[in-house]
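Q: have a look; sequence and predicted model below, questions after that.
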Amino acid sequence: DAKTTQPTSMDCAEGRAANLPCNHSTISGNEYVYWYRQIHSQGPQYIIHGLKNNETNEMASLIITEDRKSSTLILPHATLRDTAVYYCIVRVPPDKLIFGTGTRLQVFP
Amino acid sequence: NAGVTQTPKFRVLKTGQSMTLLCAQDMNHEYMYWYRQDPGMGLRLIHYSVGEGTTAKGEVPDGYNVSRLKKQNFLLGLESAAPSQTSVYFCASSSQDRVTHEQFFGPGTRLTVL
């Protein structure tokens, strides 16, 4: 069973920040939260991950609540090329990714 | 580097036929994985391998077998294909040396079982 729940779809205007929420209320203490995205029918692409601290890289920021029951992926300036399905995933040791159904993000001009 | 490659890209089988999907990676990764993705769904783990000569079951292993005879290759076999195995199959690999444990995915194999 998926360990995460996400909204089915979201829209975002180009140039604005896209905030994608995720609930993972049953996450265990040693399980990381990962975000991947899938553009069209390509293989998923890694975006970012975290355990309990907020994280930022060149693609996005990840905000994890203090109780670790939810997180938000932030794309600071969405572009049309960011249109994709975004998966919030729990990584179960040693290295298994448990995918949910994801959020379909549509960026519009 | 080619990254992760999958062969073939498309295949149509009749019920009961067998086939093998090949995954190859040139990144010297220890871990390799096979997933399937049904329409409108996320990926589900079929089998995975943590090193040459090792394999383990994932979420949906029934009807599939795998082998990892060489570090760079991971084979997925269907002994007797069924229509329920119509899906897109993705292979991935990862290195335990990377802090991110990022999985690199191949382009997928679209399989139709009639």
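A: Yep, that arrived. For clarity, every value in this text was computed on a predicted model and none was experimentally measured. Numbering: from 1, shown residues only, chains lettered A, B, ... in the order given.

Q: hang on, isn't residue B:52 packed against residue B:68?
A: Yes. In this structure, residue B:52 is within contact of residue B:68 by CB atoms under 8 Å, at 5.8 Å. No exception for glycine: its C-beta is placed from N, CA and C like everyone else's.

Q: between those two, who's got more neighbours?
A: For residue B:52 versus residue B:68, neighbours defined as other CB atoms under 10 Å in any protein chain shown are more numerous around residue B:68 (20 against 14).

Q: spatially nearest residue to that one (excluding sequence neighbours)?
A: Closest residue to residue B:68 apart from its sequence neighbours, by CB to CB, 6 or more residues apart in numbering or on different chains: residue B:49 at 4.2 Å.

Q: those residues of chain B touching chain A, which are they?
A: Residues of chain B lying close to chain A by CB under 8 Å from any CB of the partner chain are B:4, B:31, B:35, B:40-45, B:48, B:50, B:58-59, B:88, B:90, B:92, B:94, B:96, B:100-108.

Q: now for the helix or strand bottoming out on mean pLDDT in chain A, which elements pack on it?
A: Sorting the helices and strands of chain A by mean pLDDT, DSSP states H and E puts strand A:96-98 at the bottom, at a mean of 83. If you count contacts as 3 or more CB pairs under 8 Å, 6 or more residues apart in numbering or on different chains; DSSP states H and E, strand A:96-98 packs onto strand A:84-92, strand B:43-49.

Q: ok, it: who's next to it in the sheet?
A: With DSSP bridges as the test, strand A:96-98 is paired with strand A:84-92 (antiparallel).

Q: surely the residue nearest to residue B:68 and residue B:71 touch.
A: No. Judged on CB under 8 Å, residue B:49 makes no contact with residue B:71 at a distance of 9.4 Å.

Q: ok, those two, which is more surrounded?
A: More crowded of residue B:49 and residue B:71, by other CB under 10 Å: residue B:49, with 20 against 16.

Q: gap between that one and chain A?
A: From residue B:49 over to chain A the distance is 11 Å, taken as CB to the nearest CB, to the nearest Å.

Q: let me know the pLDDT of that residue.
A: Model confidence at residue B:49, given as pLDDT, is 95.

Q: list the contacts for it?
A: Residue B:49 makes contact with B:31-33, B:55-56, B:66, B:68, B:74 under the criterion CB atoms under 8 Å, 6 or more residues apart in numbering or on different chains.

Q: same question for residue B:3.
A: With CB under 8 Å, 6+ apart, residue B:3 has these contacts: B:25-27, B:104, B:106.

Q: also residue B:102?
A: A:46, B:94.

Q: beta partners for the residue most central in space within chain B?
A: Note on chain B: the residue nearest the mean C-alpha position is residue B:34, at 2.8 Å, using CA atoms, centre = their mean. In this entry, residue B:34 is beta-bridged to residue B:47, residue B:91, by DSSP bridges.

Q: that one is in contact with residue B:74, isn't it?
A: Yes. Taking contacts as CB under 8 Å, residue B:34 lies within contact range of residue B:74: 6.8 Å.

Q: let's verify residue B:84: helix, strand, or coil?
A: At residue B:84 the chain is in helix, as set by DSSP: H, G, I helix; E, B strand; the rest coil.
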